[in-house]
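Colleague: output the structure for:
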Amino acid sequence: MAEITNVTMVETKNQDPDIIPLAVQMDGKPGGQLLRLDQRKSMTETVAEVAQEFGVTDATNYALQFDTGIYVTQNNRGELQKGMILILTDSPSKSAQDLYDTLHSQNPEEISKALKKLARAGSDITFATEFIEKKGHELLIQMVEAGTEHGESLADTLTSFLELMEHAILSWDIVTAKFVKRIASYVNRPVTQESQLVTLRALSILESIILNSASLYNTIANEITYNNLVQHLEGKYPGIQQNCLALMNALCLKAPDDRKKRFEDALASKEIRTNIMEKVVRSSNMGTELVHQLYVFQQLTFNLLEKRMMTRIEQNNENHSSLIIDLRNAAFGTDSGPKKPGQTNAIEYQKLGFENTSNPTLDFQEVPPGVLALESMHHFALKQDQNYTKLVFENTTRADEHECPFARTSIALTKVLCEVLKVGEAPSETGEEYHPMFFSCDKAFEEFFCQCIKLFNKTWKEMRATLEDFPKVMGVVREQIERTMKGRPNRPSSMDQFWTQLQQLNYDVILNLREKERSDKEELNSKAPPVVELREQIKPEIIELIKKQRINYLIEGTQFNKFTKTGRAKDKFWYCRLSPNMKILHHGDIGESDKPAPENLLNKVAISEDMDLVTGKDCPHINRIRGTLNLAFSLIQHQDSEVHLDFMAPNQEAFDMWTDGLNVLLGKPMVSEQMQKDLDMLLSMEMKLRLLDTVNIHIPSEAPPIPPPPADYNFYYPTVAE
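Modeller: The predicted model follows:
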């Protein structure tokens with residue numbers, strides 16, 4: 001785009017809000033003109049007037065573009081701001097037709113240029129609609145099937161097709177098996193410096209087809225295997241690793257019943273886990289999208305446990321019986337009795353903590369945790385045999401009332417761990433809670449169980465618990481596990497680190513944390529009138545402090561994911577931040593991890609009192625996209641409901657911060673849960689500081705009585721009189 005050199009912007013006062021002064025230049029020509037666009041006129045009239053200023057008599061084939069390359073339409077003209085620079089260029093219809101015709105030419109150089117332009121233009125939905133109407137997408141499919149393009153031109157072809165499809169105008173079912181096989185061939189070959197963009201786009205296309213077209217799943221699954229994809233995890237290109245992981249997740253997530261076993265086995269394979277740990281988790285290039293894909297992979301891996309978690313043990317199942325016998329043999333030796341449970345080994349099974357000592361299989365009838373509990377116990381007994389025998393021995397030598405029943409504990413603990421890890425739940429669209437320690441070893445859940453069963457026994461001893469205290473101990477253990485897993489930024493990267501951190505969070509530490517939280521709550525909720533009065537005096541100051549923090553959060557800005565009808569758009573981000581004068585929201589598209597200055601975000605929304613903040617299902621964009629309902633919010637103008645800025649927060653924290661901050665700007669109260677938590681915490685801290693001098697001093701619930709007045713006031717102070 002040529003620079004505008006002969007235009008001077010003039011500040012005008014008392015201007016009609018529907019008249020927007022801005023600069024316009026004609027595509028391919030130097031210089032430009034300062035014009036005033038009337039927002040009350042249709043876009044057709046506006047374009048005709050602008051074209052006339054440039055000496056164009058027939059404006060039919062012209063349109064206006066933002067300098068980002070997006071066409072100005074009736075729907076987005078509300079984003080026009082004073083001082084913007086627009087481009088008078090070919091209309092979407094003409095541009096689409098010209099590119100379509102060029103792609104039919106026999107000149108390779110012209111085709112290459114057209115593909116580059118198409119790759120840039122395809123991101124605009126107005127252009128994409130016109131190009132699709134001219135069957136341009138079919139032409140791209142034919143070009144891929146024919147294999148006529150190579151190198152950079154092929155990368156532009158795939159980029160163009162991907163951009164067109166991401167608008168969700170067309171169904172992914174339009175692609176053919178021949179097209180899919182050609183795309184798969186680009187994935188199956190080794191990556192080179194020259195072909196990395198082709199591989200990157202090919203992986204994205206296959207993922208999108210799997211997620212949006214059930215009819216083509218088998219075609220892709222026949223061409224692509226996890227073994228083909230491992231080479232990309234081992235590579236040095238983070239973008240390809242990310243897209244490769246996303247394709248793996250999609251293959252497993254959408255696998256039909258007859259193929260599930262194959263992909264589930266691959267998902268749990270040591271080779272893939274090792275490559276993810278060594279090449280991805282330990283990499284320094286961990287962007288938002290890659291973290292999300294690791295979370296999805298982790299969740300899908302744990303969801304493989306759901307079938308075992310929901311399977312009851314069969315009394316006549318020899319495999320299950322042999323596992324129980326192995327538990328007894330590992331604890332008491334192989335010659336301690338008959339080989340089948342339920343005959344004459346009641347004493348040993350009682351020592352192991354089974355409730356049904358005559359037939360221990362009956363202890364595993366509850367689902368969850370089902371057979372998963374028995375398999376976890378068996379893993380502990382075999383892989384950590386010394387810890388297992390030590391644990392059993394310690395419990396058999398304690399007094400009966402202090403005995404910690406291993407079997408009962410293991411069954412209950414397995415159920416708790418399934419809840420903590422959300423086994424069986426579908427991955428969230430915006431989830432990022434992945435734990436490196438689960439990629440550090442085989443049989444991650446069973447190893448996790450081993451650390452937690454040791455923790456339970458340790459906590460049981462620290463609490464000097466009896467059987468009546470069983471639920472209380474389990475509650476403490478769950479708190480220890482969850483606090484350790486939520487500890488940022490020092491999340492354990494291995495099971496050994498996890499165990500070390502668990503040991504540091506012993507029962508005394510939990511008691512102190514609970515006591516502090518209880519003390520803070522009691523202090524905050526004290527009903528003594530002097531404390532209540534002091535709290536009410538401090539509260540407005542704390543609320544103002546929270547307001548300032550929320551405003552600063554908005555000024556700092558946040559990166560948001562883009563969403564479409566098919567869900568979160570991969571590698572598509574936009575940024576929004578508040579101007580330092582708190583009057584304008586700046587927003588615009590960015591690359592991942594960018595943090596642009598306000599002046600680099602060209603789209604602006606002026607904050608005014610005639611705006612309203614809506615959340616959840618009341619948002620105008622919630623029916624147009626697939627996202628998390630409780631993270632959606634929109635800023636809407638009362639006078640024109642068509643003018644709105646729509647958000648989908650990346651997490652609950654960002655949702656609370658932004659909705660609070662926008663409510664502050666609109667003069668409304670903050671209503672988020674985070675606001676109440678911050679208020680309670682800060683109020684408690686301030687109250688502690690104010691009441692430091694009253695430690696160990698009883699604060700009366702009522703003010704002391706005022707003494708009666710003296711009989712007369714005929715008194716004086718001699719020292720004063722002198």
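Colleague: which parts of stretch 470-477 are buried?
Modeller: 470, 473-474, 476-477 (16 or more other Cβ atoms under 10 Å). Glycine gets a C-beta too; all of them are placed from N, C-alpha and C.
Colleague: equivalent analysis for stretch 675-689, please.
Modeller: Buried-residue list, stretch 675-689, by 16+ other Cβ under 10 Å: 675, 678-679, 682-684, 686-687.
Colleague: which helix runs longest in the chain?
Modeller: What stands out as the longest helix in the chain, according to DSSP state H, is helix 529-556.
Colleague: buried sites along it?
Modeller: Residues of helix 529-556 classed as buried: 531, 534-535, 538, 542-543, 546-547, 550-551, 553-554 (neighbour count, 16+ other Cβ under 10 Å).
Colleague: what's the next secondary structure element after that helix?
Modeller: Once the chain leaves helix 529-556, the next helix or strand it forms, by DSSP states H and E, is strand 558-564.
Colleague: let's see that following strand as CSV, backbone CA atoms only.
Modeller: Taking Å, rounded to 0.1, in the frame of the first residue of the first chain, the C-alpha atoms of strand 558-564 are listed here in CSV:
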residue,chain,number,x,y,z
THR,A,558,-5.9,-9.7,26.7
GLN,A,559,-5.4,-12.1,23.9
PHE,A,560,-8.7,-13.8,22.8
ASN,A,561,-9.3,-16.8,20.6
LYS,A,562,-11.4,-16.4,17.5
PHE,A,563,-14.5,-18.7,17.3
THR,A,564,-16.6,-20.0,14.4
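Colleague: does anything pack onto it? Which helices or strands?
Modeller: strand 567-578, strand 644-648, helix 652-665 (3 or more Cβ pairs under 8 Å, 6 or more residues apart in numbering; DSSP states H and E).
Colleague: only alpha carbons, please: show the longest one as PDB.
Modeller: Below are the C-alpha coordinates for helix 652-665, written out as PDB (Å, rounded to 0.1, in the frame of the first residue of the first chain):
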ATOM      1  CA  GLN A 652     -12.900 -17.800  34.000                       C
ATOM      2  CA  GLU A 653     -10.400 -15.400  35.400                       C
ATOM      3  CA  ALA A 654     -10.300 -13.300  32.100                       C
ATOM      4  CA  PHE A 655     -14.100 -13.400  32.000                       C
ATOM      5  CA  ASP A 656     -14.400 -12.100  35.600                       C
ATOM      6  CA  MET A 657     -11.700  -9.400  35.100                       C
ATOM      7  CA  TRP A 658     -13.200  -8.100  31.800                       C
ATOM      8  CA  THR A 659     -16.900  -8.100  32.900                       C
ATOM      9  CA  ASP A 660     -15.900  -6.400  36.100                       C
ATOM     10  CA  GLY A 661     -13.800  -3.800  34.300                       C
ATOM     11  CA  LEU A 662     -16.400  -3.100  31.700                       C
ATOM     12  CA  ASN A 663     -19.100  -2.700  34.400                       C
ATOM     13  CA  VAL A 664     -16.800  -0.200  36.100                       C
ATOM     14  CA  LEU A 665     -16.400   1.800  32.900                       C
END
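Colleague: between helix 529-556 and whichever helix or strand comes after that helix, find me the angle.
Modeller: For helix 652-665, the following helix or strand on the C-terminal side (DSSP H and E) is helix 673-690. Going by axes from the mean of the first three to the mean of the last three Cα atoms, to 10 degrees, helix 673-690 is angled at 130 degrees with respect to helix 529-556.
Colleague: looking only at pLDDT, what's the mean for helix 673-690?
Modeller: Average pLDDT, helix 673-690: 88.
Colleague: which strands or helices does that helix pack on?
Modeller: helix 507-524, helix 529-556, helix 652-665.
Colleague: okay if I get the buried residues of stretch 470-477 as TSV plus distance to A703?
Modeller: Converted to TSV, the buried residues of stretch 470-477 look like this (distance: Cβ to Cβ, whole Å):
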residue	distance to A703
F470	48
V473	46
M474	47
V476	42
V477	47
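Colleague: show only the entries of those found in helices.
Modeller: Mapping the buried residues of stretch 470-477 onto helices (DSSP H) picks out 470, 473-474, 476-477.
Colleague: that older thread, name the helices or strands packed onto the longest helix of the chain?
Modeller: strand 567-578, helix 652-665, helix 673-690.
Colleague: now render those as a markdown table, adding distance to I325.
Modeller: A markdown table is the format used below for these (distance: least, Cβ to Cβ, whole Å):
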| stretch | distance to I325 |
| --- | --- |
| strand 567-578 | 48 |
| helix 652-665 | 48 |
| helix 673-690 | 51 |
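Colleague: which residues of this structure fall in strands?
Modeller: All strands of the chain, identified by DSSP state E, fall at 19-26, 33-38, 62-66, 85-90, 558-564, 567-578, 584-590, 603-606, 611-615, 632-637, 644-648.
Colleague: how far off centre is the first one?
Modeller: Chain-centre distance of strand 19-26: 40 Å, with Cα atoms, centre = their mean, to the nearest Å.
Colleague: with the fifth one instead?
Modeller: Relative to the chain's own centre, strand 558-564 is displaced by 11 Å; criterion: Cα atoms, centre = their mean.
Colleague: contact partners of that strand?
Modeller: With Cβ atoms under 8 Å, 6 or more residues apart in numbering as the test, strand 558-564 has contacts from 166-168, 288, 430, 568-569, 572-577, 590, 592-595, 625-627, 647-650, 654, 657-658.
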